[in-house]
Every structure is written in C-alpha cells, then in structure tokens.
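Enquirer: predicted model and sequence below, questions to follow.
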Amino acid sequence: MEKTKPKLIVILGQTASGKSSLAIKLAKKFDGEIVSADSRQIYRGMDIGTAKLLNHESIPHHLIDIVNPDEEFTLAEYKKIAVRKINEILERGKIPFLVGGTGLYVKAVVDNFGIPKVASNKALRKKLEKKPTQELFEDLKRFDPKTAESIDSKNKRRLIRALEVKIFSGVSFVSAKKIADPYFNTLQIGIKISREKLYKNIDQRVEEQIEMGLESEVKSIFEELSEKIEKEKIWSLPSMSGICYQEFKEYFEAKTGLEKVIQKIKLHNRQYARRQMTWFKRDKRIHWIEKPETAEKLISEFLS
C-alpha cells in the first residue's frame, strides 16, 4: 500500500547544516519544487534573522512569507496548507521536496499527525504568558512528563499549548496527537555534519546576518508592531521570541551591548541545533548522508 502512494522527499537537519542549498541542487536535478518546513520563515519581513535564501535559482518555494509577525499560525494550519501544496506539486508532474528543521512540521506531514482538538482558552493563556519560559517547562515536567521529554523547552508558545491540552483534556499533549494513515510514501534524508563544522557554520552565518543588517531588521519590525501592539507584549509573540530576534530585547532597552547580543545568538543557535538532533535521532527512518551524491542515489532509487 505504501508504494502506491504519491512520493514525497524530505530534506532535514540542524540549523546551518546546509539543507536549503542541498535541496535546491536536488530539486533542480529531479525537477522538483520545495515546500518549507521552517516555523520561522513563514513570517513576512523576517528575512535576515530567519536566514531566508534570497536566490532560489528558479526553484519554486512554498510556505515562506505567508503570515505577518503579529498573526497566529497553528500547526494544524501549517499541515493543511503544506499537504495541499504538496498535492498541487504532484498534480503538475513535479517532485515535492519538504525541506526544513522544524521537527514537528515535518512529522505532522510525514506521519499525518492528528492535531489535539482542544479549544484555546484565552484566560489561561494570558495567565501562562506572564510566566518565564523555564517556569512553564518546569510546570510541564510536573503535569505532563511524557511531553516534557520531547518538547522544545525554549518554545514558549508550544509549552503553553501543551499545558492547555493537559489541563482541559486531562490527556498528555503527546498522547493526544494521533498518527493516522500517511498521505505519502516518504523518503527522509538528513544532513550529517560534525559538531565542529556545524558550530563554525553557525558562527559564520550569525556574523553575516549582522553585516547584512539584522539589527535594523529587528528594529524595523519592532517599530511596525508597536503601532498595533503594546510594546511589552511584542517580545512574547511567537515571531519575535525566535532566535535572532529575542536577543535584541535587552539591547534595545540599553541593558546590554551588541557584542553580547551576537554571542547570545550564536549560543542559542547551538543549543537549538542540539535540540533538533535530539528530535530527529528518534526517527530511525531517516537516511543520514554526508555527500550530495549519496542523496542523489537514494532519490534515484526511491523514484524508480
């Protein structure tokens, strides 16, 4: 049954591992289009901080720049749009490539995750928003230890949602997610890279982002948002709580210097990369490759 389903190729890996450039090379070779699985690149105007590629080399990219920084965008919405885009690519006779490092986005599409049907509660969310991220994580470890083992402990929005599901349904957030019959026959390829090389890539990219005008980008977005939202609420938005943005809060408040901001961004990217690998290592279906030629061979065999 699996072999009769439409085929989907996934290119995944840690931040700064080279996913995007490899995916473009492969999409060019196999006549494909790319669907982003990056929870930060969905935001319009957040280009430098989310490391969007400015040159796509004529390869169509989907699910990039689809919501404004002050808009809410759920996992369920992502899955719905991503699956639709993949099917549209297939209808055009092209090969769909799902590319990114947001593990939950990838899993939602690959495993046809059923998203927990627990309505959001504004009163509870308002109360939880006031808590520091670390405190929310500690709460989750007490109330839902099973979910705490796999969740991104730095993702405040995800922590709040997990607590919300547990409190109002009594069911673990992880258990509430059901895996249905997959839509696609999927080949998952992960980029294998040494920690030393990865950290070097991260540091180099952060330096390039600063040179490209990251500070100005963050300031511009903050000023735009402050016209619509109370300033103290801006930094708790999912968009502005991301790496390369959250670190500027104290800088704009004149509590720290730019060099400190740069070092924090590098550190937080390294920590995020470790969390990504912890997530991906649990999936034994992923083929880890070091050379593009290996990926090409795997794809050729998969498509034939």
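Expert: Sure thing, it's come through.
Enquirer: residue boundaries of the strands in the stretch 101-250 of the chain?
Expert: According to DSSP state E, counting those that start in this stretch, the stretch 101-250 of the chain carries its strands in the segments 113-114, 178-179, 185-191.
Enquirer: which of those strands is buried the deepest?
Expert: strand 185-191 (a mean of 20; mean count of other C-beta atoms under 10 Å). In short, each C-beta sits where N, CA and C put it, glycine included.
Enquirer: possible to save the strands of the stretch 101-250 of the chain as TSV with mean pLDDT and distance to residue 283?
Expert: Formatted as TSV, these follow (pLDDT from 0 to 100; distance: least, C-beta to C-beta, whole Å):
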stretch	mean pLDDT	distance to residue 283
strand 113-114	80	13
strand 178-179	62	12
strand 185-191	98	7
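Enquirer: export these to CSV and tack on distance to residue 300?
Expert: Formatted as CSV, the strands of the stretch 101-250 of the chain follow (distance: least, C-beta to C-beta, whole Å):
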stretch, distance to residue 300
strand 113-114, 29
strand 178-179, 29
strand 185-191, 11
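Enquirer: would you tell me which of these gets closest to residue 28?
Expert: strand 185-191 (15.7 Å; C-beta to C-beta).
Enquirer: residues contacting stretch 222-235, please?
Expert: For stretch 222-235, the surrounding residues in contact (C-beta atoms under 8 Å, 6 or more residues apart in numbering) are 45, 69, 70, 237, 240, 241, 246, 248, 249, 252.
Enquirer: 7 Å - rerun?
Expert: 69, 70, 240, 241, 246, 249, 252 (C-beta atoms under 7 Å, 6 or more residues apart in numbering).
Enquirer: now the longest helix seen in the chain against strand 185-191, angle please.
Expert: Using DSSP state H, we find that the single longest helix of the chain is helix 258-280. On the basis of axes from the mean of the first three to the mean of the last three C-alpha atoms, to 10 degrees, helix 258-280 is oriented at 140 degrees to strand 185-191.
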